[in-house]
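Asks: Provide a 3D model corresponding to the input given below.
(one chain, ligands or ions: 1)
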Amino acid sequence: MNPILKLAIQRKGRLSEGSLGLLRDCGITFSRSNGKLKVSCDNFPLQLMFLRDDDIPAIVADAVADLGIVGRNLLAETRDDVQSVRDLGFARCRLALAVEKTRPWTGLKDLEGKCIATSHPRILTDFFERRGISARIRRIAGSVEIAPAIGVADAVCDLVSSGSTLLSNGLREVETVFESTAQLVATPHLPDDKAVLLKRLLLRIQAVLRARTHKYILLNAPEKSLSSICRLLPGMKSPTVSRLNQPGWVSVQSVVAEEEFWEMVDRLHELGAEGILVLGLEKMVF
Ligand code: AMP
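Replies: Just a heads-up that it's a prediction; the model follows:
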């Protein structure tokens, strides 16, 4: 029988859209009628299992699923025997300490002997141990932000992305405890035939993730600046250079990391570049 990879993804919640979007961008299709929770993909040997994300680390550790997509926060909290094989970059958030807005804050030592509500007691215990703070940790499964207002804790340690939920609950973020993004995790002893499939899947994922953080750039430049421009835009191997129908001018095409683009534009202008076009990429395969 041909091997099939089993991938556990969050059924509903903050990781679902990113997980499904990644599979779609990898060209993997499936139809999920009537809310089915186990689905085979049409064009890749992959079976999807739709689960609560809290259950995914244990399901992967027990090899019920070969792979899973979960937040790094959950991995650190559950410490199940699974390894991250790729940071997927989405669902970026941080686990942060927050206190009531009206509470004065001079530093972590203000929490000495206090009660902190969190759904991540293990991560917080480690953090306090490293910082030499002795505090009482109260585990709350959800709605952590309400704890100070109802008198069950002096502060909270909760997942934050924009910070607006904390603010609307009268809380002020005071310290980052842990940073998280979605991770592709794998069971520790993946059989060889499935490892081959994982390699194929990872090739697609890498191609999609690289394309998300890079842009294709085209520009016209005076030939005399060409060597400086090529140093600035090394591209995947080297930039493509073609001659313009105007003496002394060339067109240069390359790939740049999006985060470096605006800094580069100033430098390109100084070198006489004109007509800079920037295009999105779909996939980048090396
Ligand atoms: P949820 O769908 O609320 O159960 O969240 C699932 C996962 O999404 C969390 O474990 C985090 O890894 C991630 N996440 C990203 N942003 C946030 C956020 N603002 N609050 C909670 N979780 C977040």
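
Asks: From here on, just use CA atoms for contacts and neighbour counts.
Replies: Fine.

Asks: How about the residues of the stretch 151-286 of the chain by the ligand?
Replies: Taking Cα under 6 Å from any ligand atom, the part of the stretch 151-286 of the chain that reaches the ligand is made up of Leu159, Val160, Ser161.

Asks: Okay, and the beta partners of the spatially closest residue to the last one that is not a sequence neighbour?
Replies: The shortest distance from Ser161 to any residue that is not its chain neighbour, by Cα to Cα, 6 or more residues apart in numbering, is 4.6 Å, and that residue is Cys93. In this structure, Cys93 bridges to Ser180 when assessed by DSSP bridges.

Asks: Now do the same contact list for Cys93.
Replies: Leu159, Val160, Ser161, Glu179, Ser180, Thr181 (Cα atoms under 8 Å, 6 or more residues apart in numbering).

Asks: Buried ones only from those, please, as a PyMOL command.
Replies: In PyMOL, this line selects whichever of the contacts of Cys93 come out buried by 16 or more other Cα atoms under 10 Å:
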select buried, resi 159+160+180+181
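
Asks: Dump the residues of the stretch 151-286 of the chain next to the ligand into TSV; add secondary structure and pLDDT as well.
Replies: Listed next are these as TSV, based on DSSP: H, G, I helix; E, B strand; the rest coil; pLDDT from 0 to 100:
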residue	secondary structure	pLDDT
Leu159	strand	97
Val160	strand	97
Ser161	coil	96
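
Asks: coming back round to it: among the contacts of Cys93, which one lies nearest to Leu7?
Replies: Distance to Leu7 across the contacts of Cys93 (Cα to Cα) is lowest for Thr181, with 17.8 Å.

Asks: and the closest residue to that closest one other than its chain neighbours, what are its phi and psi?
Replies: Distances taken as Cα to Cα, 6+ apart place Arg92 nearest to Thr181, at 4.4 Å, with adjacent residues excluded. Reported as degrees, to the nearest 10, the phi and psi values for Arg92 are phi -70, psi 130.

Asks: now do the same end-to-end measure for stretch 31-39.
Replies: Start-to-end span of stretch 31-39 (Cα to Cα, to the nearest Å) is 8 Å.

Asks: how many neighbours does Pro222 have?
Replies: 18 (other Cα atoms under 10 Å).

Asks: Kindly state the pLDDT recorded for it?
Replies: Note for Pro222: predicted pLDDT of 97.

Asks: Stretch 210-227: end-to-end distance?
Replies: Using Cα to Cα, first and last residues of stretch 210-227 are 26 Å apart.

Asks: Now tell me what touches that stretch from outside.
Replies: 248-259, 271-284.

Asks: Buried subset of those residues as a PyMOL selection?
Replies: Selection of buried members from the contacts of stretch 210-227 for PyMOL, criterion 16+ other Cα under 10 Å:
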select buried, resi 249+250+251+252+253+254+255+256+258+271+273+276+278+281+283+284
